[in-house]
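>>> one predicted model, sequence on top.
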Amino acid sequence: MVTAHISATPGDFAPDVLMPGDPRRARRIAETILQDARLVTDVRGIEGYTGTYRGEPLSVLASGMGMPSVTIYATELFRCYGVRRVVRVGTAGGIPASVGLRDVVVATAAHTDSAMSSRRIDGVQLSHAASFGLAAAAVQAAGGGSGPQVHIGPVFTTDHFYLERPSLFEQLEAHGTLAVEMEAAGLYATAAAEGGHALAVLTVSDHVRHAEALTPAERESDFDRAVTIAATALITETIS
Ligand SMILES: O=P(O)(O)O[C@H]1O[C@H](CO)[C@@H](O)[C@H]1O
Ligand SMILES: O=c1cc[nH]c(=O)[nH]1
């Protein structure tokens with residue numbers, strides 16, 4: 001069986017998937033943390049790999065950018081490939097000054113301006129929340145480690161990467177929002193709709209208040225802490 005966007009067969013994917021936006025980051029994660037990684041799909045250049053991490057089966061699949069793209073891949077994984085848990089390992093823009101470049105954000109919830117969300121259930125504004133067990137396991141995995149600071153709280157998922165809206169970010173900050181990115185709300189909504197579990201662990205690559213930012217190469221490589229937290233959360237959280 002293949003789906004419209006994934007060319008694997010059932011059993012090619014592990015029940016747990018790490019999901020960066022960038023296909024090159026997916027390959028790098030497979031090369032650096034998976035044992036015996038094999039390529040299981042590359043439709044449209046969206047690469048997926050399956051191997052093991054600390055002895056447990058684990059897959060990596062890129063999501064591409066934005067809510068429509070992550071919703072396609074997450075739906076096919078949960079619905080057709082037996083996947084139970086997806087943890088996004090992406091980049092994000094920091095919103096408050098306290099969230100610095102290279103810090104990590106565990107996204108417990110995701111606000112969104114995307115029409116995709118309002119169209120799921122007519123007349124209802126859904127709450128897009130991370131799976132509690134995964135978030136708790138990630139917070140535990142983050143504790144005590146050295147390296148970048150880890151922040152825990154809501155993020156903002158937007159359809160626009162380039163949009164000058166300083167007052168929007170001021171209001172989001174006033175509501176405790178830590179970072180901006182483009183997929184978490186779509187992933188959380190899809191997990192809820194498909195009976196799966198999801199979380200986003202984000203590396204801060206830009207900041208809405210200043211021009212300092214990671215280079216494209218750093219966006220591909222400087223996310224080891226987030227990947228370790230995400231993979232450890234998958235190993236330590238037990239689901240029935
Ligand atoms: O680095 P990734 O995981 O792609 O995430 C962020 O980077 C992209 C924008 O540059 C968007 O997909 C955004 O969510
Ligand atoms: O969506 C994103 C990702 C990284 N940085 C941003 O400012 N926005």
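It's in. Numbering: from 1, shown residues only. Ligands and ions are numbered 1, 2, ... in the order given.

>>> just the strands from this structure, written as ranges.
In the chain, strands defined by DSSP state E lie at 16-19, 35-41, 48-53, 56-61, 85-94, 104-112, 150-157, 179-181, 197-207, listed in chain order.

>>> how about the first one and ligand 1, touching?
No: using Cβ under 6 Å from any ligand atom, strand 16-19 stays clear of ligand 1, coming no nearer than 8.2 Å. All C-beta atoms are positioned from the backbone trio N, CA, C, and that covers glycine.

>>> quick one on the thing from earlier: ok, which of the strands of the chain comes nearest A217?
strand 197-207 (11.5 Å; Cβ to Cβ).

>>> dump the strands of the chain to CSV, plus mean neighbour count.
Converted to CSV, those look like this (neighbours: other Cβ atoms under 10 Å):
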stretch, mean neighbour count
strand 16-19, 28
strand 35-41, 16
strand 48-53, 22
strand 56-61, 23
strand 85-94, 26
strand 104-112, 25
strand 150-157, 22
strand 179-181, 27
strand 197-207, 27
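
>>> any idea how far the closest residue to L34 other than its chain neighbours is from A14?
Nearest residue to L34, sequence neighbours excluded (Cβ to Cβ, 6 or more residues apart in numbering): G51, at 3.3 Å. From G51 across to A14, the span is 8 Å (Cβ to Cβ, to the nearest Å).

>>> centre of the chain to stretch 139-147, how far?
18 Å (Cα atoms, centre = their mean, to the nearest Å).

>>> let me redo that: stretch 93-106
With Cα atoms, centre = their mean, you get 15 Å for stretch 93-106.
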